[in-house]
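Student: give me coordinates for this.
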Amino acid sequence: MRASAVSGIVFANARDEAVGRMTNYRSMASVPFGGRYRLIDFCLSNLVNAGITNIGVITKANYRSLMDHIGSGAFWDLDRKQGGVHLLPPFNISGARRYHGYIEALYGAMDFLNRCNSEYIVLCDGCVAANVDISAAVDFHIRKDADITVVYRTGAALEKVNNMMTMTVDSDDRLVSVDFPDSISKNELSSLGVLVFGRELLIELVNNAYENGGRNIDVDIIADRINALKICGFRHNGFSAIMTDIETYTAANMSLLSKEVRDDLFNPERRIMTKNRDDMPTRYGTKAEVKDSFVADGCVIDGEVFRSVLSRGVIVKRGATVKNSIIMQDCVIGENAIVCDAIFDKSVTLNNNTVIRGTTERTIYVEKNQII
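Tutor: Numbering: from 1, shown residues only. A predicted model of the protein is given here:
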């Protein structure tokens, strides 16, 4: 694969509604994940690891946090004179408006598609945590002489189904049928939200679908053209999680407590890159007890942490307990406080002797900058 022949597009607001209040002030792609990362880090890193350095990020709303995180793209080696990363906010050209689906989003970004001059386009959902070999997927697409390639995985390990496309493929890896079921069995093939198109074909299909009122690529292009186009499926065999609700988000983060998942997701041969925050190593007090947890740098822990994910700069004071929880950047857990089955967004302060306790069935979410 000639990397210069491929450009990427990331849908930053994919499934924004899935995680409720967590996306009130940010896009799905900028939702924190795994202590150090944002979800968009997986899309950008997957594309850059394949040598793709011309990337458009289609935004819809609440993208200030995304702009701050991406910056010039330097942390992904995307601060370039040619190519680089381009934020594509809603843009009212003739007939376009703030979009209500992927097809309208691509129609609004048509200027990027026309200007990039790449032979192929890789589309990525910004709600997916997976280390996908994009280079292998594009090579597969070229070798099969496919019109469209859908990257899929077997079954849904974590997700509740929400408009997720399943498919069957024949012995030549060609899609023969697609469906949108209410549930997915562990042996079914489901889309991972990564698609490969020829650029000119994508432009033609988007224009046609838009003119006919289409909104969804899976329904209005793939399902509608499955017999008219050669649509192939490329299998992703590693860990993957699509954020479909708070429970999925929590389970995906907790999956990082498994070494097998960490080794797959953070494969050193295809690094997941993120915005650096130069910080000190985490400090553990003499009374600290930490078990089965994923702890980022810059934390100060004097209390107890069990089966939890702690982001950068979290402080757990003496006598405090954090259990089965996700604590985002710069939160403070006061002395003798208890946090159980909860998600704390950024910069939450929990006062001394305060208890926040959810259940395994119902995780409590606390918005950022709260003092409790």
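
Student: from here on, just use CA atoms for contacts and neighbour counts.
Tutor: Noted.

Student: ends of stretch 172-180, how far apart?
Tutor: Stretch 172-180 has an end-to-end distance of 23 Å (C-alpha to C-alpha, to the nearest Å).

Student: which residues does that stretch contact?
Tutor: Contacts with stretch 172-180, where a contact means C-alpha atoms under 8 Å, 6 or more residues apart in numbering, come from 163-170, 223, 226-227, 230-234.

Student: report the buried residues of that stretch.
Tutor: 174-175, 178, 180 (16 or more other C-alpha atoms under 10 Å).

Student: what's the domain layout of this protein?
Tutor: The record's domain split for the chain, according to automatic domain parsing, is 3-265, 283-366.

Student: surely residue 253 is in a helix?
Tutor: Yes. Residue 253: assigned to a helix according to DSSP: H, G, I helix; E, B strand; the rest coil.

Student: that older thread, can I get the buried residues of stretch 172-180 in TSV with secondary structure, pLDDT and distance to residue 285?
Tutor: As requested, these are exported to TSV (DSSP: H, G, I helix; E, B strand; the rest coil; pLDDT from 0 to 100; distance: C-alpha to C-alpha, whole Å):
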residue	secondary structure	pLDDT	distance to residue 285
174	strand	97	57
175	strand	96	56
178	strand	92	55
180	coil	85	51
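
Student: returning to that earlier point: where's the dip in pLDDT among the contacts of stretch 172-180?
Tutor: pLDDT across the contacts of stretch 172-180 is lowest for residue 163, at 71.

Student: next one: it from residue 218, what distance?
Tutor: In terms of C-alpha to C-alpha, residue 163 sits 9 Å off from residue 218.

Student: name the member of the contacts of stretch 172-180 with the most neighbours.
Tutor: Among the contacts of stretch 172-180, residue 233 has the most neighbours (other C-alpha atoms under 10 Å), with 27 neighbours.

Student: shouldn't it be within a strand?
Tutor: Yes. The assignment for residue 233 by three-state DSSP puts it in a strand.

Student: in the sheet, who's paired with it?
Tutor: Residue 233 has these beta-bridge partners by DSSP bridges: residue 150.

Student: show me what contacts it?
Tutor: Per C-alpha under 8 Å, 6+ apart, neighbours of residue 233: 149-152, 169, 173-175.

Student: hmm, back to that, can you redo the domains of the chain as TSV with distance to residue 273?
Tutor: As requested, the domains of the chain are exported to TSV (distance: least, C-alpha to C-alpha, whole Å):
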stretch	distance to residue 273
domain 3-265	6
domain 283-366	14
